[in-house]
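1. Here is a sequence with its predicted model. Questions after.
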Amino acid sequence: MPTPRKIETVSTLTEKLNRAQLVVVADYRGDGKGMSVADMTELRRKLREHGGEVVVAKNTLLKIAAHNTGHEALDPLLAGPTAVTLGYDDVSKVAKALLDYLKSGNKSFTVRGALLGNTLLPADALEQVTKLPSREQALAQV
């Protein structure tokens, strides 16, 4: 029987996945040592500046939330220590902030794949997401 805490967590994750335009799934212990609290705090700060956030949750709860939102494509990515980066408004800025963080030399955070809208992308496609026009640019083109 699910506990009230797990029900609340799934509800929160479902709401966040519903709002997210970009979902990046990563292993946050890529080099075996894991991320330090300072590294995770720095990543969260950088993402928050661009309208994103990073969430660490149990894979079973993430899978339930993914199924609740129709994002079953995430299932194969949800194995092992999982951190999910969510981009809400300007996905290119969130992807760029995440890519900049990865290029800074932190080997503990390894991207497994991403979901842009309803399209599953491989890990190496994150760079193409950074080249998408911002929300303001897209609206100006219309």
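-> Cool, got the structure. Numbering: from 1, shown residues only.
2. Kindly provide the distance from Arg48 to Ala123.
-> Taking Cβ to Cβ, to the nearest Å as the criterion, Arg48 is separated from Ala123 by 23 Å. Quick note: C-beta positions are derived from backbone N, CA and C, even for glycine.
3. err, Tyr88, not the other one
-> As for Tyr88, its distance to Ala123 is 21 Å (criterion: Cβ to Cβ).
4. all strands of this protein, in order?
-> Assigned strands in the chain, in chain order: 22-27, 52-56, 82-87, 110-116, 119-122 (criterion: DSSP state E).
5. how about CSV for those strands, with distance to Ile7 and mean neighbour count added?
-> Converted to CSV, the strands of the chain look like this (distance: least, Cβ to Cβ, whole Å; neighbours: other Cβ atoms under 10 Å):
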stretch, distance to Ile7, mean neighbour count
strand 22-27, 21, 24
strand 52-56, 17, 19
strand 82-87, 19, 23
strand 110-116, 24, 20
strand 119-122, 27, 14
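6. can you put these in a markdown table and add mean pLDDT and distance to Ala38?
-> Rendered in a markdown table, the data for these read as follows (pLDDT from 0 to 100; distance: least, Cβ to Cβ, whole Å):
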| stretch | mean pLDDT | distance to Ala38 |
| --- | --- | --- |
| strand 22-27 | 94 | 18 |
| strand 52-56 | 95 | 14 |
| strand 82-87 | 94 | 15 |
| strand 110-116 | 91 | 19 |
| strand 119-122 | 90 | 29 |
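7. can you tell me which residues contact the residue nearest to Leu78 when sequence neighbours are not counted?
-> Taking Cβ to Cβ, 6 or more residues apart in numbering, and ignoring the residues beside it in sequence, Leu78 has Asn59 as its nearest neighbour in space, at 4.4 Å. Taking Cβ atoms under 8 Å, 6 or more residues apart in numbering as the contact definition, Asn59 lies against Leu78, Ala79, Gly80, Thr82.
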